[in-house]
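1. based on what follows, work out the 3D shape:
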Amino acid sequence: MNTDIRRRRSVEKDQPHQAMPPLQMIRAFEAAGRMGSMRKAADDLGVSHSVVSRHVKNLEFWMAVKLVTSSPRGLRLTREGEIFHAAISTAFELIAATTAELRPPSHRRTLRLWCMPGLATRWLGPRLPEMQHLLGDTELVFRAIDRLPDFSVGEADVMVGFGDPDDLPVGATLLVHPRMFPVASRQWLDAAGPLESIAALVRAPLIHEENRQQWADWFRKAGVAHNALQGPRLWDASLGFEAALAGQGVALATRLTTGDEMARGRLVELFDTDIRLGAYYFIAAPARRKDRAIRKLHDWLAGELMRSEAAAASSSDRSAATGAVGPTL
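-> As a prediction, this is how the structure comes out:
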């Protein structure tokens, strides 16, 4: 057992016990569990990484139980952490729902939509007029961002996120599970020459997002072994797309975000693969999940994304029939 926890339990015998931990500790832990990272939780709350880490450690000391552990993919909740996080998340959602009920109706005429940067810029941006027409006189506030909003403080009403389809946030619904594949510019291909196999990609300049996990997962599903992967780490998929377009290496992409550039011949899909790593999902603030505008937006997004992915699949089949760049997997 952790020394601090043992010391905490010893102190508890001699001091009266509060009914609830200090709120700043709870807020830090809720954000850390929701974001899966101390650093992202710090960005979410507008404080430093050390403040969040200290609050979470103090909460563990206060409760005399281990709540979080570190893993190669970031922060993970222990069994006790999952139980406590589910409880406080429900409490925050209840506060948000009650707050929304007490607000004047005029506050509900605005719909604040957050979306993953790549999808926001490449797919949803060109469809904004259609989406605004769908929403009628509801004012749309649109932000491209790669983290979940804090619904309990009203940061947003809706998020279109991207994550593991088997581990979506509570209350989220899956929109589309797209195929993900390597892309490069004609400029880069002309300079680098043809790649004889998927295994050769390991030696190519790979463009990563925040970390190298996505490429590692892709190679694992492709059945290709590798050692430490190299290449620049950028902040999000949108930056990776721009880097690939500029001829700086190979990025992972979907047809939803690269379809137009591939149709123009500016980006080329490498190899004919069918690998799916994550899914786009829709999640709304608990207080607004029954709103007519929210339901309409969800149904429209689900339909349009599925149609786009189906059209992309047909295009991919036609490309494979005329000769793909690399072997089929």
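
2. now do the contacts for the residue nearest in space to the middle of the chain.
-> By Cα atoms, centre = their mean, the chain has its centre lying nearest to Phe162, at 3.8 Å. Phe162 makes contact with Met116, Leu119, Asp146, Gly278, Ala279, Tyr280, Tyr281 under the criterion Cβ atoms under 8 Å, 6 or more residues apart in numbering. C-beta: built from backbone N, CA, C; applies to glycine.

3. look up how far Pro178 lies from the closest residue in space to Ala144 that isn't next to it in sequence.
-> Using Cβ to Cβ, 6 or more residues apart in numbering and skipping the chain neighbours, the partner closest in space to Ala144 is Ala120 (3.7 Å). Ala120 sits 15 Å away from Pro178, taking Cβ to Cβ, to the nearest Å as the criterion.

4. widest-spaced pair of the contacts of Phe162?
-> Within the contacts of Phe162, two members stand farthest from each other by Cβ to Cβ: Asp146 and Ala279, at 15.0 Å.

5. show me where pLDDT drops low in the stretch 101-250 of the chain?
-> 101, 103-108, 231-232, 235-236 (pLDDT under 70).

6. ranges for the strands of it?
-> Taking DSSP state E, counting those that start in this stretch as the criterion, the stretch 101-250 of the chain carries its strands at 110-115, 139-144, 158-163, 173-176, 181-185.

7. determine the set of other helices and strands touching the second one.
-> Right, strand 139-144. Packing partners of strand 139-144 (3 or more Cβ pairs under 8 Å, 6 or more residues apart in numbering; DSSP states H and E): strand 110-115, helix 128-135.

8. the helices in the protein, which residues?
-> For the chain, the helices defined by DSSP state H occupy 3-12, 23-35, 38-45, 49-63, 79-102, 117-119, 128-135, 186-192, 213-222, 237-245, 255-263, 292-322.

9. relative to Glu155, which of those is closest?
-> In terms of Cβ to Cβ, the element of the helices of the chain nearest to Glu155 is helix 38-45, at 8.7 Å.

10. and the contacts of the closest one?
-> With contacts defined as Cβ under 8 Å, 6+ apart, helix 38-45 is touched by 27-28, 31-32, 34-35, 48-49, 51-53, 56, 75, 147-148, 150.
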